[in-house]
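> below are the sequence and a predicted model; questions follow.
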Amino acid sequence: MSASTWIKLNAKALYLMQGGTNEFIEKVDLVPKLELLAGATVATPIAGKFSLNIPARWFKRSDAPGQMAINLTDTSEPSAFKPPTTLSATTSSTFKTIEAPSGEEFDFIDSRSAGTSDPRLADFQPNEVLNDGTLLPRYYFKVNEFKDFSKKLTTNFTLLEFISDTEIARGITFPYYIPVAIIRLADSMQKLRDRFNEPIRVSSGYRSPFYPDYQNNPSFKSAHRFGTAIDFVSVGDRIIDSQADLNFVDDKVFDGSFSGASNRPSGVSSLGFEFSESAAEMGFDIHHSHLDMGYITQDKELAHVNAFLV
């Protein structure tokens, strides 16, 4: 399933936007409504009219929009989205390793071809269906022993930091498998750290099927299961425990048009993040910042980490 689209409304048109970008897939031009104001007939684009049957179709997509950004003074036109060249499923056979930004390499595993030869991999439920029909990841890399967790993914982050603290505390059995998307997540977190120029204390990244919540509900959907979500509790000496702290993080992460007043607030980020977690989602008990890249799975996983495949 692809990342969720979003809707943009400005004084010119209504746009269906590609998730994670400021590029439109489709648009509906607004037709200015003529009104008599102060004795003169003027066009009022804010009261523009458009055909609802086209936006209704957008909500029937598999990546239906969940957020909307409105700027009625903006008359600019976003650029058109050009779909990236995706890698086919057969391409995976040419990759043996995935290389982290640090230069560390890990064994690249296609679960569809490796599953029968490695029964332990099946414990990680590759390709299994979650409660809304989304499939869990297909592509993983392998960690053979605990000392491998000390390997650096980036200049400042080790692999251990991208594994759930809860799972580590409960004990981990090896070999352990991690969705390849975690490599790009680490790269993005390094770039975020560079923006802050401060250490970031990560509390949870990937959560395997052994995570307690998923043991109780195996089909529960969470971006942490895809290697595309991160929780962190501090930036430098700043503990994240207030709305001001969430805003502080989001201002660095999102480049603009950030919608922060709803479930799974979303926006455009050059770091690749698409969603943040609101205070309401935390029950107004703020104790971390959650960022994620959506649910990237199956063949889209290869395009997501293409730059790191060897």
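Thanks, I have the structure now.
> and the helix ranked longest in the chain, what's buried?
Longest helix in the chain, counting residues (DSSP state H): helix 181-196. Neighbour-count burial for helix 181-196 flags 181, 182, 183, 184, 185, 186, 187, 188, 189, 190, 192, 193 (criterion: 16 or more other C-beta atoms under 10 Å). For the C-beta atoms, the positions are set from N, CA and C on the backbone; glycine is no exception.
> per-residue pLDDT, the second one?
What it means is residue 182. Among the per-residue scores, residue 182 holds a pLDDT of 97.
> OK, contacts around it?
153, 162, 205, 206, 227 (C-beta atoms under 8 Å, 6 or more residues apart in numbering).
> once you drop chain neighbours, what's closest to it?
Closest residue to residue 182 apart from its sequence neighbours, by C-beta to C-beta, 6 or more residues apart in numbering: residue 227 at 3.8 Å.
> over to the one you found: give its phi and psi.
phi 70, psi 20 (degrees, to the nearest 10).
> what's the closest of the buried residues of helix 181-196 to residue 252?
residue 192 (6.6 Å; C-beta to C-beta).
> of the contacts of residue 182, which is the most crowded?
residue 227 (32 neighbours; other C-beta atoms under 10 Å).
> how close does that residue sit to residue 140?
9 Å (C-beta to C-beta, to the nearest Å).
> what touches both of the two?
By C-beta under 8 Å, 6+ apart, the residues touching both residue 227 and residue 140 are 178, 179, 180.
> can I get those residues in JSON lines with distance to residue 217 and neighbour count?
Converted to JSON lines, those look like this (distance: C-beta to C-beta, whole Å; neighbours: other C-beta atoms under 10 Å):
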{"residue": "178", "distance to residue 217": "21", "neighbour count": "23"}
{"residue": "179", "distance to residue 217": "19", "neighbour count": "27"}
{"residue": "180", "distance to residue 217": "25", "neighbour count": "25"}
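> from those residues, pick the one nearest residue 264.
For those, the nearest to residue 264 is residue 179 (19.9 Å; C-beta to C-beta).
> in a strand, residue 142, correct?
Yes. Using DSSP: H, G, I helix; E, B strand; the rest coil, the assignment for residue 142 is a strand.
> point out where the stretch 101-250 of the chain drops to low pLDDT.
For the stretch 101-250 of the chain, residues meeting the criterion pLDDT under 70 lie at 114-117.
> could I get the full set of strands for it?
For the stretch 101-250 of the chain, strands defined by DSSP state E, counting those that start in this stretch occupy the ranges 105-110, 139-143, 176-179, 200-204, 229-235, 238-239.
> what's the last one in contact with?
Spelled out, it's strand 238-239. For strand 238-239, contacts defined as C-beta under 8 Å, 6+ apart pick out 198, 233, 245, 248.
> could you check how far the last one is from residue 267?
This points to residue 248. With distances taken as C-beta to C-beta, residue 248 is found 15 Å from residue 267.
> the more surrounded of those two?
Of the pair residue 248 and residue 267, residue 267 is the one with more neighbours under other C-beta under 10 Å, namely 22 against 16.
> okay, stretch 152-164 in CSV with CA atoms only?
Output of stretch 152-164 as CSV, limited to C-alpha atoms (Å, rounded to 0.1, in the frame of the first residue of the first chain):
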residue,chain,number,x,y,z
LYS,A,152,26.6,2.0,13.5
LEU,A,153,23.9,2.7,11.0
THR,A,154,25.0,6.4,10.7
THR,A,155,27.6,8.7,12.2
ASN,A,156,25.7,9.0,15.5
PHE,A,157,23.2,6.1,15.6
THR,A,158,23.7,2.4,16.2
LEU,A,159,21.3,-0.3,15.2
LEU,A,160,20.4,-1.0,18.8
GLU,A,161,18.8,2.5,19.0
PHE,A,162,16.3,1.5,16.3
ILE,A,163,15.0,-1.5,18.1
SER,A,164,12.2,-1.3,20.7
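> which stretches in the stretch 51-200 of the chain count as helices?
With helices called from DSSP state H, counting those that start in this stretch, the stretch 51-200 of the chain shows them at 53-58, 111-114, 165-170, 181-196.
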